[in-house]
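Enquirer: Please find the sequence and the predicted model below.
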Amino acid sequence: MTNPYESRSVCICVSGDIGHSPRMQYHSLSLANIGFHVDIVADQESRPHEQLLSNPRIRIYPLSSYQSIKCFPKFVNYFFKILFNTIFLLWNLMLIPRPDYILVQNPPSVPTLIIVWFVCRIRSSKFIIDWHNYGYTILALSLGEKHLLVRLYSRLEFNFGKRSDYNFCVTRSMKDDLRKRIGKKAIVLYDRPYSFFQPLTSNEDKHLFLEKLQSEYSQLEYHGQNETLFTRYSFKNDEYQLKPNRPVILMSSTSWTKDEDFQILLDALYEFDQNYAEKLICTDNDLKIICFITGKGPMKQHYIRMVEHSYSFRYTRFVFPWLSAEDYPKLLACADLGVCLHKSSSGLDLPMKVLDMFGARLPVCAYRYQSISELVIEEQYGLLFNDSATLVQCMMRLLQDFPICLELKRMQKNIDSSFNGIDWHSNWKTNALPVFK
């Protein structure tokens with residue numbers, strides 16, 4: 001039987017790094033698995049997932065990225081960046097084979113939405129926006145809500161949003177807000193963990209992965225034979241085991257931008273380290289917590305310097321890895337507790353990283369804001385906090401009597417029962433595929 005999608009194509013447009021855009025990677029994989037030809041026009045600063053690179057139905061057309069000129073004022077660099085991005089994005093979108101649909105990530109909005117709308121009109125393609133957040137709210141973080149550029153950006157963002165043929169968004173709150181702003185009904189396509197975010201049920205798999213990390217990061221160095229800080233091989237029982245005196249693996253992921261205040265986590269960890277770690281974490285060694293913070297971004301070095309010079313941790317150690325798309329899910333599956341500091345510039349989006357954690361069955365402490373309860377059901381999948389003091393309270397509750405932690409284990413079971421079998425592709429076929437028929 002002929003696949004009706006084999007003769008059709010979709011362009012995925014991202015004015016940013018496709019390797020840092022998991023949702024757009026997942027769109028691409030789902031479209032290709034259905035039968036579409038997929039052309040991705042995006043920056044390729046970091047390596048996307050291997051499944052995307054090896055799929056014969058997916059081609060990537062990398063964009064060149066503008067490098068700021070240090071002697072120019074900020075607004076001059078911003079102008080040249082928009083001009084540069086406009087030329088190269090337009091050039092690539094006009095050169096690829098004519099797509100039936102162009103699916104564009106928002107934000108960034110300017111000049112991306114304007115160019116994609118123009119190309120769709122010229123090439124008779126359907127114009128689809130996937131609203132992850134609002135671009136003007138991110139710009140307002142640095143310029144302020146009343147700045148002229150922010151108001152102009154907002155006007156352009158929603159003016160061209162009105163010209164779309166279809167819209168996806170990430171929350172019910174955003175769907176309601178978009179109806180008021182652009183007068184169109186958006187389809188709520190909740191993020192779901194892709195199939196490679198799964199729990200690691202084998203202690204041997206955990207040991208082999210942690211052994212690999214140990215060889216790459218000096219903070220994890222351990223000199224025991226067939227052992228890591230967390231796991232060991234028991235010759236007596238002929239099996240790999242989690243060590244009863246292992247430290248907690250606390251996990252967070254970030255793009256190191258202004259919408260995540262990592263000082264909240266650092267202050268909370270320092271308070272917990274100084275006053276509670278020795279009492280609550282029932283292990284007989286001086287290393288109680290290893291905090292992994294993954295990702296790249298503009299403020300990373302700032303926070304690394306803070307850890308090194310502004311705090312004197314007694315029982316806590318930090319690792320700042322940059323992991324491959326294949327290794328990141330494994331680290332989540334080895335972790336004991338996740339922390340999400342995403343504040344949301346609009347209050348309407350949801351952090352994909354929490355879905356990844358849930359896919360690995362990892363309970364989460366998340367910063368409280370307007371829409372987060374659509375994802376993190378408090379007391380069921382994790383806890384919410386408002387500041388460093390309430391994050392300390394969350395950690396005290398969840399890490400008490402580690403590694404027994406009955407509360408954590410209860411939440412893991414809740415996540416497993418709720419997310420088992422509900423992956424991205426199944427959800428995508430139900431909610432997104434009808435748009436492409």
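Expert: The structure has been received and is ready for your questions. Since the model is a prediction, treat every value here as computed from it, not as a measurement.
Enquirer: Can you show me the helices along the stretch 251-400 of the chain?
Expert: 262-275, 277-280, 300-309, 327-334, 352-359, 388-398 (DSSP state H, counting those that start in this stretch).
Enquirer: closest to Ser373 out of those helices?
Expert: Among those, helix 352-359 comes nearest to Ser373, with 11.8 Å by C-beta to C-beta. For every residue, glycine as well, the C-beta is placed using N, CA and C.
Enquirer: same for the closest one, what does it pack against?
Expert: helix 22-34, strand 248-253, helix 327-334, strand 337-340, strand 364-367, helix 406-419 (3 or more C-beta pairs under 8 Å, 6 or more residues apart in numbering; DSSP states H and E).
Enquirer: buried residues in the third one?
Expert: Think helix 327-334. Going by neighbour count (16 or more other C-beta atoms under 10 Å), the buried part of helix 327-334 is 327-334.
Enquirer: again with the first one
Expert: Residues of helix 22-34 classed as buried under the neighbour-count rule (16+ other C-beta under 10 Å) are 22-32, 34.
Enquirer: With just CA atoms, put that helix into CSV.
Expert: Written as CSV, here are the backbone C-alpha positions of helix 22-34 (Å, rounded to 0.1, in the frame of the first residue of the first chain):
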residue,chain,number,x,y,z
PRO,A,22,14.6,19.0,21.4
ARG,A,23,10.9,19.7,20.6
MET,A,24,11.8,20.5,17.0
GLN,A,25,14.0,17.5,16.8
TYR,A,26,11.1,15.4,17.9
HIS,A,27,8.7,17.0,15.4
SER,A,28,11.3,16.1,12.7
LEU,A,29,11.6,12.5,13.8
SER,A,30,7.8,12.0,14.1
LEU,A,31,7.3,13.5,10.6
ALA,A,32,10.0,11.4,9.1
ASN,A,33,8.7,8.2,10.8
ILE,A,34,5.3,8.8,9.3
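Enquirer: After it, which helix or strand is next? Please name it.
Expert: Counting by DSSP states H and E, the next helix or strand C-terminal to helix 22-34 is strand 37-43.
Enquirer: of all the buried residues of helix 22-34, which comes closest to Val110?
Expert: Top of the list for closeness to Val110, among the buried residues of helix 22-34 and by C-beta to C-beta, is Met24 at 18.4 Å.
Enquirer: Quick check: pLDDT value at that closest one.
Expert: pLDDT for Met24: 97.
Enquirer: quick one: the helix ranked longest in the chain to strand 37-43, angle?
Expert: Counting residues, the longest helix in the chain under DSSP state H turns out to be helix 74-95. Helix 74-95 and strand 37-43 are oriented at 160 degrees to each other (axes from the mean of the first three to the mean of the last three C-alpha atoms, to 10 degrees).
Enquirer: any idea which helix or strand carries Leu141?
Expert: helix 135-143.
Enquirer: In terms of secondary structure, what does that helix contact?
Expert: Using 3+ C-beta pairs under 8 Å, 6+ apart: helix 135-143 touches helix 148-161.
Enquirer: After the helix it packs on, which helix or strand is next?
Expert: strand 166-169.
Enquirer: pLDDT weak spots in the protein?
Expert: Along the chain, segments meeting pLDDT under 70 span 1, 66.
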